[in-house]
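Peer 1: sequence and predicted structure below; questions after.
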Amino acid sequence: MSAVTPVKPAAKPTEPWRQRLIRSLLYGRNVDRAAKARARVGLAMLAFVAVYALIGGRLVMFAIGADAHGARRAAAQEVVATARPDIIDRNGAILATDVKASSLFGEPRRIIDKDEAIELLTATVPDLDEVEVRERLSSRKGFVWLKREITAKQQQDIHKLGIPGIGFLRENKRVYPTGNEVAHLIGLVNIDNQGIAGMEKWLDNQGLADLHRAGFATDRLQKPIELSVDLRVEHALRDELLKAKEKYHTKAASGIVSNVKTGEIVAMVSLPDFDPNNPKEAHDPDRINRLTTGVYEMGSTFKAFTLAMALDSGKINLNSMWDARGNLHYGKFTIHDSHSLGRFINTKEVFTFSSNIGAARIALGQGVEAHKAFLAKMGQLTRLRTELPESAAPLIPRRWGELNTVTIAFGQGMSVAPLQAVMGINALVNGGYLIPPTFMKRTESEAAAMAKRVIKQDTSDKMRFLMRLNAEIGTAKTADVKGYYVGGKTGTSEKVINGRYAKKRVLNSFTAIMPCDDPKYQILIMLDEPQAIPETKGFITSGWNAVPTGGKVIERIAPLLGIEPRFDLPPSERLILAASRTTQ
């Protein structure tokens, strides 16, 4: 019997070590086929998820890339053309507002054929500069401006071209519905809607520019800025100044209407002016605001300060006498009056006849230091600061001696901004309180909180009396509009040309108060270099041009300001002085 040899099973093929490693890493050791199948399914699912994630990611990137210029445009809009609040007058009339305007931009990285784009754009919009457009589109920037504030037709024509990388951005554009009416007060903005002058610049300085940079001024829901100006009064004042400028052939004309109890500026005009909708006009050096950025010798209106100083000191009274028999000689200088009286005159006559000699003697009697101290107290020796960024410092003598006091007493040898003089005159007639002027609305209680007493009530009463007396019998008679109890003071200042005073080139001023028994408003009229005309009989002094202009302004604005006419009022001696003595 033969032995049976057992059959050995066939040896399994040897698995390469790399496969064993991968299998062990993926499935571990001793894993059954079901587990392996599940693993394969899971791996396939992961692969599909990865593919779809990649596709989704690319879609998101395409979406972001397609709108990247939108983000850049939004960023540009935030920086250069964000919204500004409306500016309105005291009655709610809009003086400045924003509208939407389209601007043309380019994205150099997305433009396929730049030469073709430049050719098409310059052919469609002829005022585009080809060299400038080529330079901008050749840059590596993602966003460039090509033209700001294009018309609707230009936008439509460019849109029809269908140039990739060329688009439009709706920006805020500042417009001024009243045009020239309040130009010097409102100011203007640049192409980026940023304030560069007037109240527009003040707005930016108050924090609007910071809000823009921070992105918090992006809509039109900002609270309007309410000014003290009354557009109706502004229009009437400007209209009369335009007529006077033409009639008397003046180089310039300007005026202010101020509330004497609050310091509010109700109207301010300086001609020639400009249209803030056409910014190029504003660069003309002849169109400056002469009331705040110019300084002038104010002439005889300064005599009001001289008399108030002396009356307030108690050293003189309204009946004190002054020698005006002849010219006043001081060193090599001679002081004379326009109309020599050749006799002693009292303080009232110094004012009503506008005597230079009398004013000089009154100031000398007070002394140099007292004179300087009084003008400093009245705010005439330092730069006046208001909301308007544009202001000028007064020009005062470096070495102030007796001769300076003599000439400054009647308004020569010292120059101030006209608005500065208005502030001082307000204090002389409002009971003696110096109140800083403002272009924002202000109540009487708010004004009282910041008011500073500079002269006595009795002195203020006497100054109101002198102002009214001057309209009754003095140089301001042609401005005495019946029913409004007007008072005022004239000023004719010879201009300095090549270091010498020119008799035929004068700056005339007239400051009026109404009503003088209870002053509410001051009106300043200034005419630069008026010419003699037949109606003025060859004269060029203030009484022949500035005063009648002031009368016409008062006649038009008094009803607008709510001042009711009162007739048959007693003269100033009884209505003002007598009432003053009764209350003391």
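Peer 2: Perfect, thanks for sending it. Treat the numbers as computed from the prediction; the structure is a model and nothing was measured.
Peer 1: use CA for all of it now, contacts and neighbours both
Peer 2: Noted.
Peer 1: any idea what Ser493 is bridged to?
Peer 2: Leu507 (DSSP bridges).
Peer 1: pull out the buried residues from the helix or strand harbouring Ile362.
Peer 2: For Ile362, the element it lies in under DSSP states H and E is helix 356-366. Within helix 356-366, the residues that qualify as buried are Asn356, Ile357, Gly358, Ala359, Ala360, Arg361, Ile362, Ala363, Leu364, Gln366, counting by 16 or more other Cα atoms under 10 Å.
Peer 1: pLDDT and distance to Val553 for those - can I get that in JSON lines?
Peer 2: Listed next are the buried residues of helix 356-366 as JSON lines, based on pLDDT from 0 to 100; distance: Cα to Cα, whole Å:
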{"residue": "Asn356", "pLDDT": "93", "distance to Val553": "28"}
{"residue": "Ile357", "pLDDT": "94", "distance to Val553": "32"}
{"residue": "Gly358", "pLDDT": "95", "distance to Val553": "31"}
{"residue": "Ala359", "pLDDT": "95", "distance to Val553": "29"}
{"residue": "Ala360", "pLDDT": "95", "distance to Val553": "32"}
{"residue": "Arg361", "pLDDT": "95", "distance to Val553": "35"}
{"residue": "Ile362", "pLDDT": "96", "distance to Val553": "33"}
{"residue": "Ala363", "pLDDT": "96", "distance to Val553": "33"}
{"residue": "Leu364", "pLDDT": "94", "distance to Val553": "37"}
{"residue": "Gln366", "pLDDT": "96", "distance to Val553": "37"}
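Peer 1: so after the helix holding Ile362, what's the next helix or strand?
Peer 2: As assigned by DSSP H and E, the chain's next helix or strand after helix 356-366 is helix 368-377.
Peer 1: what packs against that following helix?
Peer 2: Packing partners of helix 368-377 (3 or more Cα pairs under 8 Å, 6 or more residues apart in numbering; DSSP states H and E): helix 303-313, helix 402-408.
Peer 1: kindly recompute the last result at 7 Å.
Peer 2: Other helices and strands packing on helix 368-377, by 3 or more Cα pairs under 7 Å, 6 or more residues apart in numbering; DSSP states H and E, are helix 402-408.
Peer 1: run through who's touching the helix it packs on.
Peer 2: When contacts are defined by Cα atoms under 7 Å, 6 or more residues apart in numbering, helix 402-408 is touched by residues Ala360, Ala363, Leu364, Val368, His371, Gly413, Met414.
Peer 1: for the stretch 51-200 of the chain, which segments are assigned as strands?
Peer 2: Counting by DSSP state E, counting those that start in this stretch, the stretch 51-200 of the chain has strands at residues 87-88, 94-106, 144-150, 166-175, 188-189, 195-197.
Peer 1: most tightly packed of these?
Peer 2: Of the strands of the stretch 51-200 of the chain, the one with the most neighbours on average (mean count of other Cα atoms under 10 Å) is strand 188-189, at a mean of 24.
Peer 1: export the buried residues of helix 356-366 as CSV, with columns for distance to Arg566.
Peer 2: As requested, the buried residues of helix 356-366 are exported to CSV (distance: Cα to Cα, whole Å):
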residue, distance to Arg566
Asn356, 34
Ile357, 37
Gly358, 34
Ala359, 33
Ala360, 37
Arg361, 38
Ile362, 36
Ala363, 37
Leu364, 41
Gln366, 39
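Peer 1: can you name the residues that contact the spatially closest residue to Asn470 that is not a sequence neighbour?
Peer 2: Distances taken as Cα to Cα, 6 or more residues apart in numbering put Thr352 closest to Asn470, at 5.0 Å, once the chain neighbours are dropped. By Cα under 7 Å, 6+ apart, the contact set of Thr352 is Asn470, Gly474, Thr475.
Peer 1: now Gly474, nearest residue through space, not along the chain?
Peer 2: Nearest one to Gly474, counting by Cα to Cα, 6+ apart, is Thr352 at 4.6 Å.
Peer 1: ok, back up a step: residues touching the helix holding Ile362, excluding its own?
Peer 2: 303, 306, 310, 322, 324, 328, 335-337, 350, 371, 405-407, 409-410.
Peer 1: what's the spacing between Ala447 and Pro436?
Peer 2: Distance of Ala447 to Pro436, given as Cα to Cα, to the nearest Å: 8 Å.
Peer 1: right, and the strands of the stretch 51-200 of the chain - which one's nearest Pro530?
Peer 2: Closest of the strands of the stretch 51-200 of the chain to Pro530 is strand 195-197, at 29.0 Å (criterion: Cα to Cα).
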